[in-house]
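>>> coordinates only, no sequence provided:
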């Protein structure tokens, strides 16, 4: 069945596939290997023939065509952002380029998510990481700033210094990975006696997608201690 203008989602998909086939060397080769061309990509029936793409394929492409591989649909001088993965699972970081339009789309995704997380305009958001080339916290920080939240960057600090910092500035939300959120909570419980201000108590909620129960200890028992919601990913 041919995709028609009465099927807007399929029309957008068709446009994306044809654009990739025309400008993206990586996907043009994959489509050709699957026997797909512009004519077949215009048909709904061909969706089942679209090849899957694995991270290993993308990493191999970048290894063969350093540093960015062939998986880009714009000339390189149009890309304004570079980010990469940690490389812990493959031994080699996977790099990713974004144009200003791509980047704006990513920030909009975060801004759509903020109300779903239950965040309110008054929030003070703490991001306890040295950002480096990691994508997640750059997008979170810039999107939160654009949305009008007070954003607190926590790069270049020890974990103890970060706890002091979030207390001093009254952070109400922490964006962190689950493991680091648990580390901060456990550290706060162990070192509660050194705080000159009230202890830190994490507030665990379904929105945080935390993977463990609230930590127990002196900090969690303190009367009137401030709570910070932890958003993990």
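Ah, there it is. Computed from a predicted model, the values in this text were never measured in an experiment. Residues are numbered from 1 along each chain as shown.

>>> center of this structure, which residue is that?
For the chain, residue 136 is the residue whose C-alpha lies nearest the centre (CA atoms, centre = their mean; 3.1 Å).

>>> could you pull up phi and psi at it?
Main-chain dihedrals, residue 136, degrees, to the nearest 10: phi -50, psi -50.

>>> swap in the one 3 residues further on?
As for residue 139, its main-chain torsions (degrees, to the nearest 10) stand at phi -70, psi -40.

>>> tell me the SS of the nearest residue to it once chain neighbours are set aside?
Excluding its sequence neighbours, the residue lying closest to residue 139 (CB to CB, 6 or more residues apart in numbering) is residue 106, at 4.9 Å. Any C-beta I mention is one placed from the backbone N, CA and C, and that applies to glycine too. Here residue 106 is helix, with the state taken from DSSP: H, G, I helix; E, B strand; the rest coil.

>>> separation between residue 123 and residue 22?
Using CB to CB, to the nearest Å, residue 123 is found at 43 Å from residue 22.

>>> for residue 92, same thing?
Taken as CB to CB, the span from residue 92 to residue 22 is 29 Å.

>>> buried ones in stretch 123-137, by neighbour count?
By neighbour count on 16 or more other CB atoms under 10 Å, the buried set for stretch 123-137 is 123, 125-129, 131, 135-137.

>>> which of these fall within strands?
Secondary structure of the buried residues of stretch 123-137 is defined by DSSP state E; positions in strands are 125-127.

>>> which one of those is nearest residue 53?
residue 127 (30.2 Å; CB to CB).

>>> who does the closest one form a beta bridge with?
Taking DSSP bridges as the rule, residue 127 bridges to residue 153.

>>> pretty sure it sits against residue 149.
No. Residue 127 lies out of contact with residue 149 (CB atoms under 8 Å); the separation is 10.8 Å.

>>> tell me the mean pLDDT over stretch 148-160?
Model confidence over stretch 148-160, given as mean pLDDT, is 94.

>>> domain ranges for the chain, per the record?
Using automatic domain parsing, the domains assigned to the chain come out as 1-53, 104-232.

>>> so how many other residues sit close to the closest residue to residue 72 other than its chain neighbours?
Spatial nearest neighbour of residue 72, chain neighbours left out: residue 97 (5.8 Å); criterion: CB to CB, 6+ apart. Residue 97 is flanked by 18 other residues according to other CB atoms under 10 Å.
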